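1. Next input, structure requested:
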Amino acid sequence: MNDRYDAGDAGYGAVPYEIVGYDEYGRPVYQQVPAEQPPQAPQTAYDPYAQQQGYGYDPYAAGRQPASPYDPGHQQPAYDAYDSYAPYGSQTPYDPYATGAGTGTATGPQDGTGYDPYGQTASGGRQHLVAEQTAYIPQQAAPAEESPAAEDGPAAGETGPGPAAPDYRTEQFAFVEEPDGDSEDVIDWLKFTENRTERREEARRRARSRLIALLVVLALVAVGGAGYLWYAGKLPGLSSSGGSDGTATAVTAQKRDVLVVHLHNTAKGGTSTALLVDNTTTKQGTTVLLPNSLALTGDDGSTTTLAKSVDDDGTSGTRDQLDTVLGTSIQGTWRLDTPYLQNLVDLVGNIEIDTDTDVPDPDAKKKGAAPLVHRGQDQTLSGKMAVAYATHRASGESENAQLQRFGQVMQGVLRKMPSDPASATTTVQTLAQILDPPLTDKDLGTFLARLADLAKSGGYRTALLPVRPDGTLSAGTSDSVVKGVLGGTAKSPDAGSAVRVSVENATGVKDDTEKARVVLLNGGFTFLEGGSASGTEAASKVTYADAADRAKATEVAKTLGLPAGSVTKGTVSSGADVSVVLGRDYQPSSS
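-> A predicted model of the protein is given here:
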């Protein structure tokens, strides 16, 4: 039992060992003999060959193996290959489940014995350890440190009394109810899943938004295309009956502001009428000149003329009758007497127009005086000159010639009007003119400012409404103005509703025919041109064919200023109800 073994014989140096007993297989168990030297602090030495020594190696022994041969002065407990494998010479036995046996830590049993996978004690055979059924999760052992508890275990070669009941405490284990590292992984997975779900939902929302936006764009394109086709008159089933090219539909769809202006000649009498049109769609302004012979329908359903309507029915009645005949919508009426026209031209600072004739001074004391207005281009006209030119009608001239001059003056005034609505309103207010309701100073000023802007930019023109001798409108001659400019439809009253008067001139004065025509049209009659006789007649004649037309013939004679004795029954011209032959006794009206 006290036999010694010198490790020097094996080439490891003079480190003595002695046999302290035998294991169950009869193999000796060695123990290092402590050397007689001063005690030293425990050291941990690395022995790469500690596992490979074949001396006294017993894989089933419960004893402790010799410590590292490189530390002759320090005694370490032996190790069991299945219990306390310590590859780096640590004094802490190897614990594969990190229970920290013998280290004094709070993670495993503290009974001072190493881990024995077969439940063996230091003294003998295998004894199976029945594990507790309580589920636990072992925690990572604390780093092994040198601790006094490690030295309190049994010395090398000693045997324990047998398996003892393990002293487990609650703080040595982490139960599954407590949070651990795995819970962080679960949370991360849940976050990942939630984020992925949110991304999918966001992608769906974006897809729905794009789809809705696409549908809205397609709807707008469809509506815009349909609107364009409707505007251009190319939409099937909605084309105007006026033409197959769709032009009429496009024209009627345009927006216009229309104002009617009546120029009253307070000195000589008579009126001149024009429509001021602002096409806000095409940015085009137009002055439409309306002849006084234009046939209208009176309030009682009878046929009348524009001139007679202005004198008898006033502004509102005439405006309604024009709407009926022209198929337009007039927003207001501007009565412009010649004194106000003169003031207006002076306020805007004179006008420049191209004059077509010399105009005499109406205030001249003697004949042969210098003309007030000279014929020529870019003539500057003051207020008085503008009024004289706008109302001038030379001997033998048609009414349309004077109407054209009125149109020139109106366009010249618009070119000099301020384009700013506020300034134009101030100009209108300065006139101190009483306007017919519902037209106000602000409305008229704003309207004239828009037309002034078009006149200055070249987007303005003047057009004459063509009418037949009887005052009616023909589809062919009026479409360009009624439909193209006004966007309306000609609806002249039935020519048969008015008394048709044929006039033959036998006075020897060519201008008497035109004067008689104006008088008859203003009287509500339909004028028919009868030409001029080859000679002259001393007395005028008014003839009717049917006794029912006697009263009509008497009314015609009265209108022309002829005596009642001139009315006789006889043959009338074709297509006429009453025939008139003007003789030298005819005295035309000064108007």
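2. Domain-wise, how is the protein divided?
-> Listed by automatic domain parsing, the domain ranges of the chain are 1-161, 179-253, 255-495, 499-582.
3. Let's test this: mean pLDDT of the shortest one, rounded?
-> When pLDDT is averaged over domain 179-253, the result is 66.
4. where do the helices sit along this structure?
-> For the chain, helices defined by DSSP state H occupy the ranges 148-151, 181-232, 247-252, 306-326, 338-348, 383-391, 399-416, 421-430, 441-457, 475-478, 511-522, 550-560.
5. Among the ones you listed, which comes closest to Gly484?
-> helix 247-252 (6.0 Å; CB to CB). Any C-beta I mention is one placed from the backbone N, CA and C, and that applies to glycine too.
6. follow-up on the earlier one: ok, which of the helices of the chain comes nearest Gly368?
-> helix 383-391 (17.0 Å).
7. Contacts for the closest one next, please.
-> Residues outside helix 383-391 that contact it (CB atoms under 8 Å, 6 or more residues apart in numbering): 263, 265, 267-268, 270, 272, 338, 341-346, 350-351, 353, 355, 359, 361-362, 372-373, 381, 402, 405-406, 408-410, 412-413.
8. Just the angle for that helix relative to helix 338-348, thanks.
-> Using axes from the mean of the first three to the mean of the last three CA atoms, to 10 degrees, the inter-axis angle of helix 383-391 relative to helix 338-348 is 130 degrees.
9. what's the angle from helix 383-391 to helix 399-416?
-> Using the same axes, to 10 degrees: helix 383-391 against helix 399-416 is 140 degrees.
10. Renumber starting at 845 from here on
-> Okay, residue one is now 845; in that scheme the one you just asked about reads as helix 1227-1235.
11. Can you give me the buried ones in helix 1227-1235?
-> If you call a residue buried by 16 or more other CB atoms under 10 Å, then helix 1227-1235 has these buried ones: 1227-1235.
12. Equivalent analysis for stretch 1219-1228, please.
-> 1223, 1225-1228.
13. Export the residues you listed as JSON lines, with columns for distance to Arg1044.
-> Output for those, formatted as JSON lines (distance: CB to CB, whole Å):
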{"residue": "Gln1223", "distance to Arg1044": "82"}
{"residue": "Leu1225", "distance to Arg1044": "81"}
{"residue": "Ser1226", "distance to Arg1044": "83"}
{"residue": "Gly1227", "distance to Arg1044": "81"}
{"residue": "Lys1228", "distance to Arg1044": "86"}
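14. pretty sure His1236 is touching Gln1248, no?
-> No: assessed by CB atoms under 8 Å, His1236 is found out of contact with Gln1248, at 10.8 Å.
15. the more surrounded of the two?
-> Per other CB atoms under 10 Å, whichever of His1236 and Gln1248 has more neighbours is His1236, with 21 against 15.
16. Name the residues linked to the spatially closest residue to that one that is not a sequence neighbour by a beta bridge.
-> Excluding the flanking residues, the one nearest His1236 by CB to CB, 6 or more residues apart in numbering is Val1203, at 4.7 Å. Here Val1203 sits in beta bridges with Val1217, as judged by DSSP bridges.
17. Looks like Thr1271 contacts Met1261 (just checking).
-> Yes: counting by CB under 8 Å, Thr1271 touches Met1261, with 6.8 Å between them.
18. okay, and the common contacts of these two?
-> Val1192.
19. With neighbour numbers in mind, choose between those two.
-> Met1261 (23 against 20).
20. Find the nearest non-adjacent residue to that one, please.
-> Spatial nearest neighbour of Met1261, chain neighbours left out: Ala1296 (3.8 Å); criterion: CB to CB, 6+ apart.
21. quick one, what contacts that neighbour?
-> Neighbouring residues of Ala1296 by CB under 8 Å, 6+ apart: 1258-1263, 1268.
22. now Leu1283
-> By CB under 8 Å, 6+ apart, the neighbours of Leu1283 are 1103, 1176-1178.
23. where are the low-confidence patches of the stretch 1195-1344 of the chain?
-> 1319-1322, 1338-1341 (pLDDT under 70).
24. Just put the contacts of Leu1283 in a markdown table and tack on pLDDT and distance to Ser1137.
-> Shown next, in a markdown table, are those (pLDDT from 0 to 100; distance: CB to CB, whole Å):
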| residue | pLDDT | distance to Ser1137 |
| --- | --- | --- |
| Leu1103 | 96 | 22 |
| Gly1176 | 93 | 24 |
| Thr1177 | 94 | 20 |
| Trp1178 | 95 | 22 |
